[in-house]
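Undergrad: with the sequence up front, the predicted model follows.
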Amino acid sequence: MANLADKIRPLNDRLVVKRLEAEEKTSSGIIIPDTAKDKPQQGEVLAVGPGKWNEDGEERVAMDVKVGDKILFGKWGAQEVRIDGQEVLVMKEDDVIAILK
């Protein structure tokens, strides 16, 4: 994935995210079939833009999210794109719900 991050540079307050794998079974040990799995809403940040412009248009507002952060995001906030055969998500920083610690 490192090569992929070198091939894309998000603009403004956008970020490129690799979706993390879905859980294969529940906490009680029940195996979830592929047809019943939801796409996970967790990912790892591969690239971040420079931030959006402030209201005056004179300075950029720094991004809270950094490359390598594990994040939670909303179901409908991201655009799925395929780059070099790999599926990644492009979303705005506002679509990030939380940074996982």
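TA: Cool, got the structure. Keep in mind it's a predicted model, so treat the numbers as computed, not measured. Numbering: from 1, shown residues only.
Undergrad: show residues contacting stretch 42-53.
TA: Counting by CB atoms under 8 Å, 6 or more residues apart in numbering, stretch 42-53 makes contact with 1, 4-5, 8-20, 59-63, 65-73, 88-89, 93, 100, all of which sit outside it. All C-beta spots, glycine's among them, are computed from the backbone N, C-alpha and C.
Undergrad: can I have the buried ones of these as a PyMOL selection?
TA: In PyMOL, this line selects whichever of the contacts of stretch 42-53 come out buried by 16 or more other CB atoms under 10 Å:
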select buried, resi 4+5+10+13+14+15+16+17+18+19+63+65+69+71+73+88+89+93
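Undergrad: going along the chain, name the strands of the protein.
TA: 14-19, 42-48, 70-73, 79-83, 86-92, 96-100 (DSSP state E).
Undergrad: adding distance to Glu55 and mean pLDDT, write those strands out as a markdown table.
TA: Formatted as a markdown table, these follow (distance: least, CB to CB, whole Å; pLDDT from 0 to 100):
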| stretch | distance to Glu55 | mean pLDDT |
| --- | --- | --- |
| strand 14-19 | 19 | 93 |
| strand 42-48 | 21 | 93 |
| strand 70-73 | 25 | 93 |
| strand 79-83 | 26 | 89 |
| strand 86-92 | 17 | 92 |
| strand 96-100 | 21 | 92 |
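Undergrad: ok, which of these comes nearest Asn54?
TA: strand 86-92 (16.0 Å; CB to CB).
Undergrad: and that closest one, what does it pack against?
TA: strand 14-19, strand 79-83 (3 or more CB pairs under 8 Å, 6 or more residues apart in numbering; DSSP states H and E).
Undergrad: in its sheet, which strands sit next to the last one, and in what direction?
TA: Note on strand 79-83: by DSSP bridges, its sheet partners are strand 86-92 (antiparallel).
Undergrad: now the longest one
TA: Partner strands for strand 14-19, per DSSP bridges, with pairing direction: strand 42-48 (antiparallel), strand 86-92 (antiparallel).
Undergrad: most packed of those strands?
TA: strand 42-48 (a mean of 20; mean count of other CB atoms under 10 Å).
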